[in-house]
Every structure is written in structure tokens, then in C-alpha cells.
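Visitor: generate coordinates for the sequence data below:
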Amino acid sequence: MCLVVISAGCKAENSDEEKEVTLNYYSHVDENGTLTNIINRFHEENPNIKVNVVELPADTNKKLQMISTALQAEDDSLDMFDADVTWPPIFASAGWVTDLTDQLTQDEKDKYLPGAINANIYKDKLWGLPYRIDAGMLYYRKDLLKKYNKPVPETWEELVETATYIMEKEPEMKGLAGSWKQYEGLTCNLMEYVWSYGGDVFDEDGKVIYNSPETVKATKMMVDMINTSKITPEGIINFGSGDARAPFFAGKLVFLRDWPSGWNKSQDADKSQVVGKVGIAQLPKADKDGNSYSTLGGWQIMVSKFSKNQEEAIKFAKFMAGEEAEKMEALGLSHLPSIKSLYEDKEILEKMPFVENMLPVFMNANPRPKSPYYSEISNVLQLQTQLAFVGEKTVEDAVKDADNEIKKIIGQ
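Guide: As a prediction, this is how the structure comes out:
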């Protein structure tokens, strides 16, 4: 655990009315000072409140473990924390977080994108405040597609064909990378294939339906990309998002499945060799008559039920999920805002030109299964898919076994 103390230069006079309070915020590593700037702005308005940032690990699963350990121990030194989009039901069902339902008016709730605010609702109560969203997208080398007179692929088959063609012309290139190692990123990537082929984990009534011909086709497409068409880089089954970006930024990859946060990095000449050569599109479909699906991602700020500083922690959470802080995140880190009005902000549109055309994707991004058992379900999907990747199981057996294990987890 790394403790980073971020405090502003201004400090209030001690008074009976405004006691000095220190909050501990479990959050992402501050990549470029954007979080520091946000906290400094909060201090300017609330000089009696100091915020210490406790840095979470980079790996999403390890983030969840670290936060869960502190909450389970009822550690009152944890005041607020970042939560992935699937975590609110986990923490709410455990009774570890503060109910924020009455902290926002209905008008304040309505300012958020529907998917972002709904991800924080469990059993009709609001448990977190969304401060950024994510949605899977297709990054592509627009210069190479133009060079070889190829359109942006609309289907997964077209992507394989285009990648194969360019790899034949330029042998140092690979076709596609994504986050396919055994962690939460794989579930995000996997579900985009599954949904596009017409499969899902649950039906509308909560019945497990993962074992279907559609899911088998989707998983087989991914397996074939590794083992048949071989358009993926060697070692992709060990790739997190940073590993997937590396060959793309190095100019060695035609397509990349990534989150919006990769945009600024792709256009940073100190980190990328493809500045000015990158386009962004929606992810491919299973066929031209089908639909493109992106996994809804994003982060919320939640308040620990065990914090002794509830009022101050809620005040910071509302600031972090407010217009000013979200705009700072968008401009500084190319994070997508959760607040609808910011998609008309001229500075954001200038910084992230893809946002305007991709708004329907962000509005309709699909949530992962909402369940108190989500973490266990996701682990099953990751493990069984990886076993298919490496050939230890057939695709059919991996899908069937995942279906059976999920049924056991939820008691079906």
C-alpha cells in the first residue's frame, strides 16, 4: 500500500464550527497530477478538509481485494474509495457502504448517463456516485487502412480478413490485441463478443443461459484469432490493457480493443509512435445485420459505512462526481464523463474528437451481470475461457462448464 498525502497550500483558521478533518481516499495511482489538481480545487472550497490518497494496485482484482479486506475489518481509517462498475452490489449487499439515496435530488441524479447512475443502484437504493464511464472501442491504424484501401471492419470476420491482409503485406505487424489475461479485463472483452453473437450470461428472468450456440461461436472466434488466423500477438493470454497498448503504440499492431483512456496516450509523442495515425470506431458485429456491443465500464466513488467522517466524505464524493472534477478528468486523462452535459463541452470535444460520434455507444454500453456474486461469476468466465485459449478444453466444454459453475454459485 502506498500512501500519498495531497494537500493544498491554503488552510483555514481553526474554529469551533469548522474542525479540521483528514479523509483517506483509496484511489488509482495519480498518473499525471490530475487527481492532485482535483483535490487541490476541493481544498480551495473546503480548507478544513485534507484528503490523503491511498494508492490502489493497478490490477482490478487486487484493487477489489484490498478494499474488501479493509471494509471487512471495519477499518474506520478508510473513508472513500474508487469502485469498478460491477462492485456496488457486492459492497451494498455486505452492508459495508453508506446509502447515498437521499444525498442527491432526482434532478441531480438525472444529470448522469443512465447506465452510469443505474450501475450504482441496488435494491432501489443509490450506493455510489459515478465520476467516469468507460466503453470498449476499436482503435485502428487509419493510415494503414487508407494505404491498403480497406474500410473500417464492421464484423469480426472482416477484422480478421483485413488484419491478415495487412500482416501479409507488412510481416512485422500483428492484427489485434486486447486484455485477454485472466483478470477482469478478459470478462469485459469476452462479453463484447458474446453479446454481438446473441449470447449472454443471464436472461431477463435471471436464468443462466451462458451455454448456448451463440456463446460457443463467440468464444470460438477469439480462440481462432489466437490459434488459427493467428492475428494476435504472442503472449496475448497474458495481456492486460497496458500490454495490449504497447505494440499498438509502437506501430506494430493494426487494431486494438481498448478503453477511451488510451486516447491521450496514443497521441502523446513521448509514449506513442502512432500520433496522428489513429482512428476510433465502434467494435465489430457478428454480422452486418447484427449489433455492436461495448462493455460498460467506469468508476464510482463510494463512502465506507465505517468512516467516522460521513458528512465530509460525502461532500468530497459529490465533488469528485461533479461537473468541474469530471471535466478535469476528461481533459487530463481522456476519461469519459458520466455527466451528460459534458458531452457538449467544447474543450472536451476538441481534446477528444471521437466523443461526439461515439456518444450512442457510450449511452448504450452493456452492463456486466449485476449480482452480489459477480466477482465469482467473472472468475469462472475468465478461467474457462483461458482453458479454451490454450487448448486444455474444447470451446464447447469450456462454455458448458462455465454455465454449470455459475449455476452452482447462484444456486440454480
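
Visitor: residue closest to the middle of this protein?
Guide: Residue closest to the mean C-alpha point of the chain, counted by C-alpha atoms, centre = their mean, is Gly297 at 3.4 Å.

Visitor: wait, a strand at that residue?
Guide: Yes - when DSSP: H, G, I helix; E, B strand; the rest coil is applied, Gly297 is found to be in a strand.

Visitor: list the residues that contact the closest residue to it other than its chain neighbours.
Guide: Excluding the flanking residues, the one nearest Gly297 by C-beta to C-beta, 6 or more residues apart in numbering is Asp134, at 3.0 Å. C-beta here means a position set from N, CA and C on the backbone, and glycine is covered the same way. Residues in contact with Asp134 (C-beta atoms under 8 Å, 6 or more residues apart in numbering) are Val85, Trp259, Pro260, Ser261, Thr295, Leu296, Gly297, Gly298, Trp299, His335, Leu336.

Visitor: and these, which two are furthest apart?
Guide: Thr295 and His335 (15.9 Å; C-beta to C-beta).

Visitor: tell me which helix or strand in the chain has the weakest average pLDDT.
Guide: strand 2-6 (a mean of 50; mean pLDDT, DSSP states H and E).

Visitor: what comes up buried for the strand or helix carrying Ala70?
Guide: According to DSSP states H and E, Ala70 maps onto helix 60-72. Residues Thr60, Asn61, Lys63, Leu64, Met66, Ile67, Ser68, Ala70, Leu71 are the ones in helix 60-72 that count as buried (16 or more other C-beta atoms under 10 Å).

Visitor: distance of the residue lying closest to Gln103 once chain neighbours are set aside relative to Gly298?
Guide: Distances taken as C-beta to C-beta, 6+ apart put Ile314 closest to Gln103, at 5.8 Å, once the chain neighbours are dropped. Distance from Ile314 to Gly298, counting by C-beta to C-beta, to the nearest Å: 20 Å.

Visitor: ok so, going back, can you show me the CA trace of the helix holding Ala70 as CSV?
Guide: Taking Å, rounded to 0.1, in the frame of the first residue of the first chain, the C-alpha atoms of helix 60-72 are listed here in CSV:
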residue,chain,number,x,y,z
THR,A,60,-8.5,-4.6,-10.8
ASN,A,61,-8.8,-7.8,-9.0
LYS,A,62,-6.2,-6.7,-6.5
LYS,A,63,-8.0,-3.4,-6.0
LEU,A,64,-11.1,-5.3,-5.1
GLN,A,65,-9.2,-7.5,-2.7
MET,A,66,-7.5,-4.5,-0.9
ILE,A,67,-10.7,-2.6,-0.5
SER,A,68,-12.7,-5.6,0.6
THR,A,69,-10.1,-6.5,3.2
ALA,A,70,-10.3,-3.0,4.8
LEU,A,71,-14.1,-3.0,4.8
GLN,A,72,-14.5,-6.5,6.1
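
Visitor: next SSE downstream of it?
Guide: Immediately after helix 60-72, counting by DSSP H and E, sits strand 80-84.

Visitor: where does the prediction get shaky in the chain?
Guide: 1-17 (pLDDT under 70).

Visitor: try 50 this time
Guide: 1, 5, 7-16 (pLDDT under 50).

Visitor: hey, where'd the strands end up in it?
Guide: 2-6, 21-27, 49-55, 80-84, 121-122, 125-126, 129-135, 137-141, 174-177, 253-258, 278-281, 296-303 (DSSP state E).

Visitor: for these, give me TSV that also has distance to Tyr193.
Guide: Output for the strands of the chain, formatted as TSV (distance: least, C-beta to C-beta, whole Å):
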stretch	distance to Tyr193
strand 2-6	36
strand 21-27	31
strand 49-55	33
strand 80-84	20
strand 121-122	27
strand 125-126	32
strand 129-135	15
strand 137-141	13
strand 174-177	12
strand 253-258	10
strand 278-281	16
strand 296-303	16
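
Visitor: tell me which of those strands lies nearest to Ser229.
Guide: Closest of the strands of the chain to Ser229 is strand 174-177, at 7.6 Å (criterion: C-beta to C-beta).

Visitor: so Phe248 makes contact with Ser266?
Guide: Yes - between Phe248 and Ser266 there is a contact under C-beta atoms under 8 Å: 7.3 Å.

Visitor: out of those two, which sits in the busier spot?
Guide: Phe248 (28 against 22; other C-beta atoms under 10 Å).

Visitor: quick one: residues contacting that one.
Guide: Going by C-beta under 8 Å, 6+ apart, the list of residues near Phe248 reads Tyr139, Ala177, Leu256, Asp258, Ser266, Val274.
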